[in-house]
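# output the structure for:
(one chain, ligands or ions: 4)
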Amino acid sequence: MKSYVDQPDGVFPAVCSLDCPDQCGLLLHKKDGKVVKVEGDPDHPVTQGNICNKVRNMTERIYDPKRLKQPLKRTGPKGSGQFEPISWGEAIATITSKWKALISDFGPESILPYSFYGNMGRLNAESMDLRFFHRLGASRLERTICNSAGGVGYSYTMGNAFGTDPEDTVHAKLFIMWGINTISTNMHQVVLAEKARKNGAKIVVIDVHKNRTGQWADWFIPILPGTDSALALGMMHVLFAENMVDLGFLDKHTVGHEELREHVRAYDPVTVSAITGVPVDDIYKLARLYGETSPAFIRIGNGLQHHDNGGMCVRTIACLPALTGQWLVKGGGAIKGNKGFLEHNKTAMQRPDVLLNKQTRSINMNLLGQALLELDPPVRSLYVYSCNPALVAPEGNKVRQGLEREDLFTVVHDLFLTETARYADIVLPATSSYENTDFYTSYWHHYIQLQQPVIAPYGESKSNVEVFRLLAKGMGFEDAMFDDTEEDMIRQALDVPQNPYLHGIDLEVLSEKKFAKARVERGFIENLPTPSGRIELYSSRMEAAGYPPLPTYIPLPEDNDYPYLFVPGPNHNFLNSTFSNNEKHVRMEKIPRLYMNQEDAQAAGIHDGDLVRVWNDRGECELTVSVGESVLPGVVVSQGLWADVPGGKHFVNALTPGRVADMGGGATFFSGRVDVEKRN
Ligand SMILES: Nc1nc2c(c(=O)[nH]1)N[C@H]1C(S)=C(S)[C@@H](COP(=O)(O)OP(=O)(O)OC[C@H]3O[C@@H](n4cnc5c(=O)[nH]c(N)nc54)[C@H](O)[C@@H]3O)O[C@H]1N2
Ligand SMILES: Nc1nc2c(c(=O)[nH]1)N[C@H]1C(S)=C(S)[C@@H](COP(=O)(O)OP(=O)(O)OC[C@H]3O[C@@H](n4cnc5c(=O)[nH]c(N)nc54)[C@H](O)[C@@H]3O)O[C@H]1N2
Ligand code: SF4
Ligand SMILES: [Mo]
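Ligands and ions are numbered 1, 2, ... in the order given. The predicted structure follows:
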């Protein structure tokens, strides 16, 4: 395989590896062996040379003096950040000898891997690592922190993550951005919508916060958190009542439309208005706009599924395009996620077959605090990579208490000494994605891309794939799968006869073309992997699993008695916690704010710009209030996962619930209640 490492000057193709739907094609400009500029690749069919400000500043992160250059071992108390450099040999020997001892005393389930998509590369995110942990017999991790509830909910309706081709949305006449902060989190969907807007398309945003995306909308609809399924059911009520449904489509492509028609009679706009806070007239107006406009496209975000009822909420919204037959209209339909089209051969990549004990326990990553503090038999070693749980995981104070356990042997592999790494016994330096070979499959657009190394590893850093090869050797594992090269693994991944959308795409095609598109041209509505093969408005599978088989509004459970529902989302200039340690990004973001309605602020004697303490039984944090009308009364919103700063307390996940959502073990970041008081 090619590598550009030895070419000191020139412009080289790359892929943005961050956990972002857009997965931009990049061009890295090199001078004297170093990256001096990062820009968008104009050849990329979807992202077309535009990239976000975050990644335009990526060179600062690549060469940040704070980047880890060597393995470290802890010399001070956990959390203190005191370490000394050691060699890779010593690091691997320390880890593997500790693990051998733990396995012989307590069994391999005493070890827990903890990772997420800090690097979306298929090889570095989930290949050699899983081979290794399967072979070890370690506890399994349910990777549920992002999209699990909505993913499962969407699949009950549609079978898998199959949706509209985003390139087709330039034809849409109506966009409903539903619980997605598109301007900040999916900027190329905005570019496509803007093109459509020039041809008359209208943009509706349904959100609990009038943020950048709400301000950009033609029509912003504020809604109470966790009530979106009621709004969708109210729309269905009007669509059926006013004969705006496509009966031909419903008969041919769905199951249960007669039952649904009966069921949604109960969701009249007056009832729905009382639940959602959306005025009755607006419910009629929205339903009619949706029923009468074609192509109509819905972009379903992650925000609305970070709630206790998030799975059912997404399952419900996903039924709407079927009612009006929008799935057959070019540019109509919906996207929750599109990763179904690009599903590669995960079995070959991850080798679940080498896990001998098929009953090996599995731990939900959203319950890390509980797992570290309460699980029996205990987790005695934690191996964290591509993730920063001390900042991003819910019920964060419990997570940190767990990480403080003296008897927990923690290893963290990252590019930086993150909040999590400060608790580690051993810290390992990671390469950036531009130093690796990998391939990428977007969860929004339909393209696969290859990354060939552009620069040499920074200091002594190593990729995830390489570290797991070393760990396998250190454990004495002789299985041939640990000798597979990156090239071998890409070939195995793309050998996937069961996915027709990837037919004809192999390593040669990828190397030659930069971007290869899934073959979705035949349409996918005829081939849905639901039990009936159709869109399931009525789902027997849900019934069997104990859910209402028809889409249903289920109110958020009582969290506690605090007066405000707290929605701590991501921000514009960080990518989850990534970039929160970079001065430029922090400066662009200014300060961590709490958006509060003026009625609430007045009643509580709080003024714009006040420093407030936000608290509940789980913890507290400190934010600066922004008073206005961007949120409804009873709701407070913050943005961004801010790095720990000395003396400052911006740790929003100290307050988030350690409960899981209705489906998929998903996170409930946005369903916690808090109180707010002025700091003196
Ligand atoms: N700039 C930037 N881009 C990112 C990220 C980032 O951190 N920064 N993170 C990346 C990742 S991992 C993900 S998962 C995505 C997330 O990006 P999105 O899918 O946009 O999800 P969020 O920003 O979490 O939430 C979207 C919106 O949902 C709203 N919301 C919350 N609760 C409700 C509700 O009950 N109903 C409705 N209608 N709206 C609600 C929030 O106010 C927010 O505006 O973005 C990715 N892209
Ligand atoms: N309050 C609140 N909490 C949230 C959210 C929210 O909206 N609100 N969003 C949630 C969501 S949707 C998500 S997806 C999670 C994301 O949470 P995380 O997955 O933890 O994402 P990041 O905070 O960006 O951290 C990724 C880490 O991986 C490291 N990294 C990058 N590339 C590599 C690599 O190749 N190898 C190794 N070893 N490390 C690498 C980065 O340096 C960084 O420290 O956060 C969740 N937490
Ligand atoms: S973070 Fe998203 S928008 Fe920014 S360059 Fe990466 S893929 Fe593109
Ligand atoms: Mo996410």
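# show the backbone phi and psi for Ser273.
Backbone torsions of Ser273, given as degrees, to the nearest 10, read phi -60, psi -40.
# what's the closest non-adjacent residue to it?
Val280 (4.6 Å; C-beta to C-beta, 6 or more residues apart in numbering). Where you see a C-beta, it was placed from the backbone N, CA and C, and this is true even at glycine.
# what's the burial count for that neighbour?
Burial measure for Val280: 15 neighbouring residues, criterion other C-beta atoms under 10 Å.
# do the same with Pro529
12.
# list the contacts of the residue of the stretch 351-500 of the chain found nearest ligand 3.
Residue nearest to ligand 3 within the stretch 351-500 of the chain (C-beta to the nearest ligand atom): Ser442, separated by 8.5 Å. By C-beta atoms under 8 Å, 6 or more residues apart in numbering, the residues touching Ser442 are Pro21, Asp22, Gln23, Asn338, Lys339, Leu342.
# contacting residues around the fourth one?
Put plainly, it is Asn338. Ala161, Phe162, Gly163, Asp165, Pro166, Ser442, Tyr443, Trp444, His445, His446.
# same question for the last one.
Applying C-beta under 8 Å, 6+ apart to Leu342 gives the contacts Thr441, Ser442, His446, Ile448, Tyr501, Leu502, Ala518.
# what do you get if the cut-off is 10 Å, keeping everything else the same?
By C-beta atoms under 10 Å, 6 or more residues apart in numbering, the contact set of Leu342 is 122, 161, 440-443, 445-448, 496, 499, 501-502, 505, 516-518, 520.
# and for the second one?
Remark: with contacts taken as C-beta under 10 Å, 6+ apart, Asp22 is in contact with 16, 44, 46-47, 50-52, 55, 166, 185-189, 191, 442-445.
# that one and Gly200, how far apart?
25 Å (C-beta to C-beta, to the nearest Å).
# what's the answer for Leu507, then?
Leu507 is 43 Å from Gly200, by C-beta to C-beta.
# try Tyr154
Tyr154 is 29 Å from Gly200, by C-beta to C-beta.
# more crowded one of these two?
Using other C-beta under 10 Å, the more surrounded residue of Tyr154 and Gly200 is Tyr154, with 28 against 8.
# pLDDT score for the closest residue to Thr157 other than its chain neighbours?
Once flanking residues are discounted, Thr157 sits nearest to Ala318: 4.0 Å by C-beta to C-beta, 6+ apart. What the model reports for Ala318 is a pLDDT of 98.
# count of neighbours near Ala318?
By other C-beta under 10 Å, 27 other residues sit near Ala318.
# span of stretch 13-31 from start to end?
Terminal residues of stretch 13-31 lie 15 Å apart, using C-alpha to C-alpha, to the nearest Å.
# show me which positions of that stretch end up buried.
Neighbour counts over stretch 13-31 (16 or more other C-beta atoms under 10 Å) mark 13-28, 30 as buried.
# His253 is in contact with Gln326, isn't it?
No. Using C-beta atoms under 10 Å, His253 is not in contact with Gln326, being 11.2 Å away.
# the more surrounded of the two?
Gln326 (25 against 19).
# pull the longest helix from this structure.
The longest helix of the chain (DSSP state H) is helix 88-106.
# report the buried residues of whichever helix or strand comes after that one.
Counting by DSSP states H and E, the next helix or strand C-terminal to helix 88-106 is strand 111-115. The neighbour-count check on strand 111-115 (16+ other C-beta under 10 Å) flags Ile111, Leu112, Pro113, Tyr114, Ser115 as buried.
# rewinding a little: shared neighbours of His253 and Gln326, anything?
What both His253 and Gln326 touch, as defined by C-beta under 10 Å, 6+ apart, is the set Asp246.
# now do Ala322 against Tyr547, distance only.
Distance from Ala322 to Tyr547, by C-beta to C-beta: 19 Å.
# typed the wrong thing, it's Ile283
Applying C-beta to C-beta to Ile283 and Tyr547 gives a distance of 25 Å.
# those two: which is more packed in?
Neighbour count, other C-beta under 10 Å: between Ile283 and Tyr547, Ile283 has more, with 25 against 20.
# the more buried one against Asp268, yeah?
Yes. Taking C-beta under 10 Å as the definition, Ile283 is a contact partner of Asp268 at 9.0 Å.
# who's in contact with Glu39?
With C-beta under 10 Å, 6+ apart, Glu39 has these contacts: Val11, Cys24, Leu26, Leu27, Leu28, His29, Gly49, Asn50, Ile51, Val55, Arg56.
# can you tell me the SS state at the fifth one?
Yep, that's Leu28 we're talking about. In three-state terms, and counting by DSSP: H, G, I helix; E, B strand; the rest coil, Leu28 is strand.
# from ligand 3, how far out is it?
To ligand 3, Leu28 is 12 Å away according to C-beta to the nearest ligand atom, to the nearest Å.
# and that residue, what does it touch?
Contacts of Leu28 by C-beta under 10 Å, 6+ apart are 4, 10-14, 34-39, 41, 58-59, 62, 434, 454-455.
# of the residues you listed, buried ones?
4, 12-14, 35, 38-39, 41, 58-59, 62, 434, 454-455.
# show me the residues you listed that map onto helices.
Those of these lying in helices (DSSP H): Met58, Thr59, Ile62.
# checking Val676 next. Helix, strand or coil?
At Val676 the chain is in strand, as set by three-state DSSP.
# I'd say it and Asn597 touch.
No. Val676 is beyond contact range of Asn597, at 11.3 Å (criterion: C-beta under 10 Å).
# which neighbours do the two share?
Counting by C-beta under 10 Å, 6+ apart, the residues touching both Val676 and Asn597 are Tyr564, Val636.
# neighbour count: these two, which is higher?
Neighbour totals were compared for Val676 and Asn597, and Val676 leads with 22 against 19 (other C-beta under 10 Å).
# and the more buried one, how far from ligand 2?
16 Å.
# quick one, what contacts that residue?
562-564, 566, 594, 596, 600-601, 604, 606, 610, 612-615, 623, 625, 636.
# ok, back up a step: closest one of the ones in helices among the buried ones among the contacts of Leu28 to ligand 1?
Ligand 1 lies nearest to Met58 out of these, by C-beta to the nearest ligand atom, at 13.6 Å.
# ranges for the helices of the stretch 251-400 of the chain?
For the stretch 251-400 of the chain, the helices defined by DSSP state H, counting those that start in this stretch cover 257-263, 269-276, 280-292, 310-317, 320-323, 346-350, 368-374, 389-392, 396-403.
# for the ones you listed, which one sits closest to Asp644?
Distance to Asp644, taken as C-beta to C-beta, is lowest for helix 389-392 among those, at 7.4 Å.
# only alpha carbons, please: show that closest one as CSV.
Below are the C-alpha coordinates for helix 389-392, written out as CSV (Å, rounded to 0.1, in the frame of the first residue of the first chain):
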residue,chain,number,x,y,z
PRO,A,389,-15.1,8.9,29.7
ALA,A,390,-14.0,11.1,32.7
LEU,A,391,-15.6,14.0,30.7
VAL,A,392,-18.1,12.5,28.3
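# if anything else comes up later, I'll come back, but that's it for now.
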